[in-house]
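Trainee: Coordinates for the following, if possible.
(chains A and B)
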Protein chains: 2
Amino acid sequence: MRVLGIDPGLTRCGVGVVEGAPGRPLSLVSVGVIRTSPDDDIALRLLGIEEGINAIMDELKPDAVAVERVFAQHNVSTVMGTAQAAGIAMVAAARRGLPVAMHTPSEAKAAITGNGRADKAQVTAMVTRLLRLDAAPKPADAADALALAICHVWRGGAQSRLAAARLNAARPNGRTRI
Amino acid sequence: MRVLGIDPGLTRCGVGVVEGAPGRPLSLVSVGVIRTSPDDDIALRLLGIEEGINAIMDELKPDAVAVERVFAQHNVSTVMGTAQAAGIAMVAAARRGLPVAMHTPSEAKAAITGNGRADKAQVTAMVTRLLRLDAAPKPADAADALALAICHVWRGGAQSRLAAARLNAARPNGRTRI
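Mentor: Residues are numbered from 1 along each chain as shown, chains lettered A, B, ... in the order given. Here you go, the predicted structure:
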């Protein structure tokens, strides 16, 4: 399963692609940041983010997209642009028929470190270790995008296993179809 | 000048196209609402809004787009979806190289009725009168989209006249180029 994680933002939009399956080693496919200038018009900045995300989806062909869920109560001054960048990412995925999942920052942190309130250094350290990288991915937005993608590989897997368990419970002698 | 006004929203996104110039009668080109179902996934809903806006832009070829400015402090529960719909509209315009302007609800109300705190009934009444319509446009989101488009025709015109006046002031014997 190849997952594109997106940490939405207007000035820096983190994008990371990870390949893996629950219980198997993960591998890094690509990581980076789409940047737009605060001097540009908001419409042009959002277009730049769309073009960057389109290019990654066309080139790396992810099977699913995980976007960080944005909350209205955080950072009121930047939340509108962040929400809009997240919306652009969702539409780009939907246009290709790719499933989109939203994970909160705490869900991603809990999945990666076991602690939903882990700090950035801890998240980056675990992303580096799980992907067996020689150096920590930078900037933080890039590491966050990878954390989201890893979270999705694992949670997606867990959800599939739960669904499979429910199916098995319903049909004791049946085979799992998932 | 043909202006597409957009009152962004996830459940109902008002779209209205108006043709006019400052000091000339305005005319209605098209008005409607793009609807998406609250039962659908957010990514699919945003895609539906994008497709609706693309269809209008392709068919009616506006010269400019006016989008209602969304404020973070209003209706926290719906503001994220509204901001995302506005972002989708801005990107659709930017992709075509169309200029995008944002106007606040009070700017639109003040332009249409002379009162930035006018109620919906007053705005609808003035939109109906200014466009010489037989009946009021419904629902309110459609009337709001038309109000935004009219506001843009007039404000855009006023801004052009100001720019022209500045040009004239700089070159007393010159002709206005705008």
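Trainee: show me where chain A has helices.
Mentor: Here chain A has its helices, by DSSP state H, at A:42-60, A:76-95, A:105-113, A:120-130, A:140-170.
Trainee: of all those, which lies closest to chain B?
Mentor: For those, distance to chain B was read as C-beta to the nearest C-beta. The smallest value, 3.0 Å, belongs to helix A:76-95. No exception for glycine: its C-beta is placed from N, CA and C like everyone else's.
Trainee: JSON lines please, covering the helices of chain A and showing mean pLDDT, distance to chain B and mean neighbour count.
Mentor: As requested, those are exported to JSON lines (pLDDT from 0 to 100; distance: least, C-beta to the nearest C-beta, whole Å; neighbours: other C-beta atoms under 10 Å in any protein chain shown):
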{"stretch": "helix A:42-60", "mean pLDDT": "97", "distance to chain B": "4", "mean neighbour count": "19"}
{"stretch": "helix A:76-95", "mean pLDDT": "91", "distance to chain B": "3", "mean neighbour count": "23"}
{"stretch": "helix A:105-113", "mean pLDDT": "94", "distance to chain B": "15", "mean neighbour count": "20"}
{"stretch": "helix A:120-130", "mean pLDDT": "95", "distance to chain B": "24", "mean neighbour count": "18"}
{"stretch": "helix A:140-170", "mean pLDDT": "74", "distance to chain B": "14", "mean neighbour count": "20"}
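Trainee: Ok, which of those helices comes nearest B:A83?
Mentor: Each of these was checked against B:A83 via C-beta to C-beta, and the shortest separation belongs to helix A:76-95, namely 4.6 Å.
Trainee: still on that earlier bit, so which of the helices of chain A gets nearest B:G156?
Mentor: Distance to B:G156, taken as C-beta to C-beta, is lowest for helix A:42-60 among the helices of chain A, at 15.8 Å.
Trainee: What is the closest one packed up against?
Mentor: If you count contacts as 3 or more C-beta pairs under 8 Å, 6 or more residues apart in numbering or on different chains; DSSP states H and E, helix A:42-60 packs onto strand A:2-7, strand A:12-19, strand A:27-35, helix A:76-95, helix B:76-95.
Trainee: if you set the cut-off to 10 Å instead, what comes out?
Mentor: Using 3 or more C-beta pairs under 10 Å, 6 or more residues apart in numbering or on different chains; DSSP states H and E as the contact criterion, the elements in contact with helix A:42-60 are strand A:2-7, strand A:12-19, strand A:27-35, strand A:64-68, helix A:76-95, strand B:64-68, helix B:76-95, strand B:100-103.
Trainee: now could you export just the CA positions of it as CSV?
Mentor: This file holds the C-alpha atoms of helix A:42-60, laid out as CSV (Å, rounded to 0.1, in the frame of the first residue of the first chain):
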residue,chain,number,x,y,z
ILE,A,42,-4.0,33.7,-2.1
ALA,A,43,-5.6,32.2,-5.3
LEU,A,44,-2.2,31.8,-6.9
ARG,A,45,-0.8,30.2,-3.8
LEU,A,46,-3.6,27.7,-3.7
LEU,A,47,-3.1,27.0,-7.4
GLY,A,48,0.7,26.4,-6.7
ILE,A,49,-0.2,23.9,-4.0
GLU,A,50,-2.7,22.1,-6.3
GLU,A,51,-0.1,21.9,-9.1
GLY,A,52,2.5,20.5,-6.7
ILE,A,53,0.1,17.9,-5.4
ASN,A,54,-1.1,16.9,-8.9
ALA,A,55,2.5,16.4,-10.0
ILE,A,56,3.2,14.1,-7.0
MET,A,57,0.0,12.1,-7.6
ASP,A,58,0.7,11.7,-11.3
GLU,A,59,4.3,10.7,-10.8
LEU,A,60,4.1,8.5,-7.7
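Trainee: Next, the angle from it to helix A:76-95.
Mentor: Angle between the axes of helix A:42-60 and helix A:76-95 is 40 degrees (criterion: axes from the mean of the first three to the mean of the last three C-alpha atoms, to 10 degrees).
Trainee: quick one: helix A:42-60 to chain centroid distance?
Mentor: For helix A:42-60, the distance between its averaged C-alpha position and the chain's averaged C-alpha position is 16 Å (C-alpha atoms, centre = their mean, to the nearest Å).
Trainee: Next, the angle from it to strand A:27-35.
Mentor: Per the same axes, to 10 degrees, the angle that helix A:42-60 makes with strand A:27-35 is 160 degrees.
Trainee: circling back to that earlier point, JSON lines please, covering the helices and strands packed on helix A:42-60 and showing distance to A:K120.
Mentor: Compiled in JSON lines, the helices and strands packed on helix A:42-60 are given as follows (distance: least, C-beta to C-beta, whole Å):
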{"stretch": "strand A:2-7", "distance to A:K120": "12"}
{"stretch": "strand A:12-19", "distance to A:K120": "12"}
{"stretch": "strand A:27-35", "distance to A:K120": "15"}
{"stretch": "strand A:64-68", "distance to A:K120": "14"}
{"stretch": "helix A:76-95", "distance to A:K120": "17"}
{"stretch": "strand B:64-68", "distance to A:K120": "35"}
{"stretch": "helix B:76-95", "distance to A:K120": "24"}
{"stretch": "strand B:100-103", "distance to A:K120": "33"}
